[in-house]
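# My questions are about this predicted structure, shown below with the sequence.
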Amino acid sequence: MSKFERCPCASKALYHKCCKQYHDGAPAEDALHLMRSRFSAYALGLADYIIDTTHQDHPEFSKDRSKWKESIESFSRSTSFDHLTINDFVDGEETATVSFTAHLRQGNNDASFGEKSLFVKENKRWLYKSGQINEK
């Protein structure tokens with residue numbers, strides 16, 4: 001991705017001034033930034049980032065990293081990440097929630113969904129722990 005392109009997280013900032021710093025290893029300052037950077041990572045096919053920012057208690061966490069990585073990469077390749085809407089953010093010291101709508105397409109099908117995500121802070125880093133999908 002060119003440094004002159006808008007970030008996929010829909011912040012309207014340029015990628016190199018937005019999520020790239022997190023993808024390069026900087027810790028997200030809060031759960032909202034982690035959530036946005038994870039959306040961007042999916043859009044850009046950065047499976048290692050998704051894995052590294054997922055809490056080990058998450059239902060999709062897998063010790064088989066290569067198989068998990070392949071699954072994420074396949075999802076990213078087959079999905080168009082059109083837009084991200086943040087609906088609510090409740091910050092906290094050790095836990096936080098972010099409610100969002102991910103506007104996605106897979107082929108000609110709308111694959112959009114809403115979720116309320118739970119994030120936890122461990123060892124000074126935010127991690128995605130779980131998500132509750134909103135019914136349409």
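Perfect, thanks for sending it.

# and the residue positioned nearest the centre of the chain, what element?
When the chain is reduced to its mean C-alpha position, the closest residue under C-alpha atoms, centre = their mean turns out to be Arg38, at 2.1 Å. Assigned by DSSP states H and E, Arg38 falls within helix 31-44.

# Quick check: Ser40 touching Glu5?
No: here Ser40 lies out of contact with Glu5, judged by C-beta atoms under 8 Å, at a distance of 11.1 Å. Where you see a C-beta, it was placed from the backbone N, CA and C, and this is true even at glycine.

# Next one: the residue of the chain most remote from its centre, what pLDDT does it get?
Of all residues in the chain, Asn108 has its C-alpha farthest from the mean position, at 22.7 Å, by C-alpha atoms, centre = their mean. Asn108 is assigned a predicted lDDT (pLDDT) of 93.

# ditto for the one 10 residues further on
The pLDDT attached to Leu118 in the predicted structure is 98.

# Over to the one 10 residues further on?
What the model reports for Tyr128 is a pLDDT of 98.

# May I have whichever helix or strand it is part of exported as PDB, CA atoms only?
Assigned by DSSP H and E, Tyr128 belongs to strand 125-134. Output of strand 125-134 as PDB, limited to C-alpha atoms (Å, rounded to 0.1, in the frame of the first residue of the first chain):
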ATOM      1  CA  ARG A 125      -0.900  -4.400  25.000                       C
ATOM      2  CA  TRP A 126      -4.600  -4.500  24.000                       C
ATOM      3  CA  LEU A 127      -5.900  -7.800  22.700                       C
ATOM      4  CA  TYR A 128      -9.200  -8.800  21.000                       C
ATOM      5  CA  LYS A 129     -10.800 -11.300  23.400                       C
ATOM      6  CA  SER A 130     -14.300 -11.900  22.100                       C
ATOM      7  CA  GLY A 131     -17.100 -10.500  20.000                       C
ATOM      8  CA  GLN A 132     -20.900 -10.600  20.100                       C
ATOM      9  CA  ILE A 133     -22.400 -10.400  16.600                       C
ATOM     10  CA  ASN A 134     -25.400  -8.100  16.400                       C
END
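
# ranges for the helices of the protein?
Per DSSP state H, the chain carries helices over the ranges 20-23, 31-44, 47-52, 65-77.

# This completes my enquiry, with thanks.
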